[in-house]
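**Q** 3D, please:
(one chain, ligands or ions: 1)
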Amino acid sequence: MSLNRNQVIVLQAGYSHIDATDASAMRANCSCTLIRCRDGTNIIVDTFTAWDGEHLTSLLAAQGLQVDDIHVVICTHGHSDHVGCNYLFRRARLHMIGSCASKHDLYLNHEGALDANGEVLVEKTPGHTLSCVSVLVHNTQLGGTVGVCGDLFERCEDVDDENIWLTAGSENEKSQAQERYRMAQLCSFIVPGHGPMFAVDELICAKLKQLAEKYA
Ligand SMILES: [Zn+2]
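**A** Numbering: from 1, shown residues only. This next block holds a predicted model:
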């Protein structure tokens, strides 16, 4: 299948909140995103928990895809709610957790382009974990660049309330604040790790710049 634009499809927006019956526990699952590249490469970014295999399979079926149609699996980082269903994709040419790529028992490092057109790229965005990556998708059906950022952003609301991303865990707050601003400058839309995709406007960019300066 050849496309005019790269398609970014959020199969399911992530969430994270305190459990309804146990205030000391959390409920969380990741945003799971399908990227259908113009060159025919199909990429899935973040694969839910290990208990979501049938659900993820059905979300792909709704897009007319089977698990064997996925060529590259990318996990923005190694936490269990982002890597759980990697096992479904045994026909993929590459599995990546952060910038660590593997196939079977072969391990290599990968950054940069994943598609033949050089429009879909893996970039290191350390902060939430030191090995976090984001996926930049240029030339999308949305008319701008989309950043699939994992937990660099918890959800849109964390732009106004830094406690949201700080309490979600940050291995390097300074780096995270800087990477958040850098990605906002590059992207028209951001898919955060635990919320719906949001548009980046000048106000959001200004707030992220201010915070990057505060942590500098
Ligand atoms: Zn997460």
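
**Q** how about the helices in this protein?
**A** Listed in chain order, the helices of the chain (DSSP state H) span 53-61, 80-83, 162-167, 173-186, 202-215.

**Q** Can you lay out these as a markdown table showing mean pLDDT?
**A** Output for the helices of the chain, formatted as a markdown table (pLDDT from 0 to 100):
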| stretch | mean pLDDT |
| --- | --- |
| helix 53-61 | 98 |
| helix 80-83 | 97 |
| helix 162-167 | 95 |
| helix 173-186 | 98 |
| helix 202-215 | 97 |
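
**Q** For Phe89, which of these is the nearest?
**A** helix 53-61 (9.6 Å; Cβ to Cβ). Placement of C-beta: from N, CA and C, glycine included.

**Q** Which elements pack onto that closest one?
**A** Applying 3 or more Cβ pairs under 8 Å, 6 or more residues apart in numbering; DSSP states H and E, we find helix 53-61 packed against strand 7-12, strand 32-36.

**Q** can you list the weak-confidence ranges in this structure?
**A** Of all residues in the chain, those with pLDDT under 70 make up the ranges 1-2.

**Q** at 90 instead, please
**A** Flagging of the chain using pLDDT under 90 yields the residue ranges 1-3, 109-111.

**Q** Next, count neighbours for Gln12.
**A** The burial count assigned to Gln12 is 17, neighbours taken as other Cβ atoms under 10 Å.

**Q** And for Gln63?
**A** Count around Gln63 with other Cβ under 10 Å applied: 14.

**Q** Make 49 the first number, not 1, from now on.
**A** From this message on, residue numbering opens at 49, which makes the last subject Gln111.

**Q** So it is in contact with Val58, correct?
**A** No: using Cβ atoms under 8 Å as the test, Gln111 is too far from Val58 to be in contact (11.3 Å).

**Q** Show me the common contact partners of these two, please.
**A** Jointly contacting Gln111 and Val58 under the rule Cβ atoms under 8 Å, 6 or more residues apart in numbering are Leu82.

**Q** Return the distance of Ala71 relative to His65.
**A** 11 Å (Cβ to Cβ, to the nearest Å).

**Q** now Asp153: how far from the ion?
**A** Distance, Asp153 to the ion, by Cβ to the ion, to the nearest Å: 27 Å.

**Q** Run through the residues that contact Cys80.
**A** Val58, Leu59, Gln60, Gly62, Ile92, Val93, Asp94, Thr95, Phe96, Leu104, Leu107.

**Q** Oops, could you answer that again for Gln114 instead?
**A** By Cβ under 8 Å, 6+ apart, the neighbours of Gln114 are Thr105, Leu108.
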